[in-house]
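Enquirer: Any chance you can model this:
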Amino acid sequence: MNEKQSIVLTIFDRSYSLTIPAENEEIYRNASKRINEMIERLRHQFPQKDEQDWLRLACLQFEINELSLDKELQKDELGDSIQKEVEELDEFIKINQ
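Expert: Numbering: from 1, shown residues only. Model (predicted):
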């Protein structure tokens, strides 16, 4: 199942040949598409900037999104943990009444 596949992705007018796990092809292609879309939006938002600035701003935006998702995931995990504790306390109270 660990079959490898060679693909070519174009990011910001440059092609990259990669060998990836075959089952991850769609993820890589979607990532490439999202990067290109982000850079295109930044080009229109900041026409006075250069290519390196757009790439850096895209990296910053993707990292902000990732950190925000991590924070939400941690909240969800904490919420699940608290909910489990509340349920256990409720059960304990019912048993000991």
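Enquirer: In the chain, which residue is most central in space?
Expert: E66 (5.0 Å; CA atoms, centre = their mean).
Enquirer: ranges for the strands of this protein?
Expert: 4-11, 14-21 (DSSP state E).
Enquirer: With mean neighbour count added, can I get those in JSON lines?
Expert: (Each C-beta comes from the backbone N, C-alpha and C, glycine too.) Formatted as JSON lines, the strands of the chain follow (neighbours: other CB atoms under 10 Å):
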{"stretch": "strand 4-11", "mean neighbour count": "12"}
{"stretch": "strand 14-21", "mean neighbour count": "10"}
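Enquirer: out of those strands, nearest to L55?
Expert: strand 4-11 (9.1 Å; CB to CB).
Enquirer: Packing partners of the helix ranked longest in the chain?
Expert: If you go by DSSP state H, the chain has its longest helix at helix 51-95. If contacts are counted by 3 or more CB pairs under 8 Å, 6 or more residues apart in numbering; DSSP states H and E, helix 51-95 sits against helix 25-45.
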